[in-house]
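Participant: fold the following for me, if possible:
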Amino acid sequence: MNQTAAAAKACVAVILLVAGGAKLADLSGFSATLRLFLPRKTPHLAIRGSAVGVVAAELVLGGASLCWPGGRWLNPVILALTCAFVIVTAAGFAIFRGRSCRCFGALSSKKFDLLSIARSGVLVVAAGLATGRLGPTAALSDLDSALLAMASALLVLATFTAVRALDASATNLGRT
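Facilitator: Model prediction:
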């Protein structure tokens, strides 16, 4: 098994799960960021639907990649998604420099800047490394896949809860 590919695949999968869970907890904030990139007259429902679509893609792809590492068809899809992240981050830097990217919902205060482009680039490199052949030992038992699915769900739930707690804490601090 190619340990570099396996490690990169696991890292990218976990990042997608955390990002998806954080965006899910801050869907309004992430929708507001998406609104920046869409035509002015785009209906709110379409923006919200797009936000849900991005979150669903991150959660499904991250979970599937982690639970079924031998699924090679996922690798180019995830690589394409991470390339899209670089494009969006670069466009955000060019047009909306200094605005919050909401890449991790309210969990992060990262902005569209050069460092965010570099972080997205590192994610592309990791996704590229993950496309390496894992070999026959990458196949997990059904029990292993089920346990990883439960761990993925717990990771998303923990991220969601953390974002909500931070948001509630910030709201309460604003009131006092």
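Participant: may I see the buried residues of the helix ranked longest in the chain?
Facilitator: Determined from DSSP state H, the single longest helix within the chain is helix 142-175. By neighbour count with 16 or more other CB atoms under 10 Å, helix 142-175 contains the buried residues S145, L148, S152, L155, V156, T159, F160, A162, V163, L166, D167. Any C-beta I mention is one placed from the backbone N, CA and C, and that applies to glycine too.
Participant: tell me how far the fourth one lies from A168.
Facilitator: Relative to A168, L155 is positioned 20 Å away (CB to CB, to the nearest Å).
Participant: quick one, phi/psi of C103?
Facilitator: The phi/psi pair for C103 (degrees, to the nearest 10) reads phi -60, psi -30.
Participant: least trustworthy helix or strand in the protein by mean pLDDT?
Facilitator: Counting by mean pLDDT, DSSP states H and E, the chain has its least confident helix or strand at strand 103-106, which shows a mean of 85.
Participant: beyond that strand, next helix or strand please.
Facilitator: helix 114-129 (DSSP states H and E).
Participant: need the residues that contact that following helix.
Facilitator: Outside helix 114-129, the residues that touch it by CB atoms under 8 Å, 6 or more residues apart in numbering are 4-5, 8, 11-12, 15, 75, 78-79, 81-83, 85-86, 89-90, 92-93, 101, 103, 110.
Participant: how many residues are close by L81?
Facilitator: Using other CB atoms under 10 Å, L81 has 19 neighbouring residues.
Participant: now the angle from the helix or strand it falls within to helix 114-129?
Facilitator: L81 is located in helix 74-96, with elements delineated by DSSP H and E. Going by axes from the mean of the first three to the mean of the last three CA atoms, to 10 degrees, helix 74-96 is angled at 170 degrees with respect to helix 114-129.
Participant: return the set of buried residues in helix 74-96.
Facilitator: By neighbour count with 16+ other CB under 10 Å, helix 74-96 contains the buried residues 74-75, 78-79, 81-83, 85-86, 88-90, 92-93.
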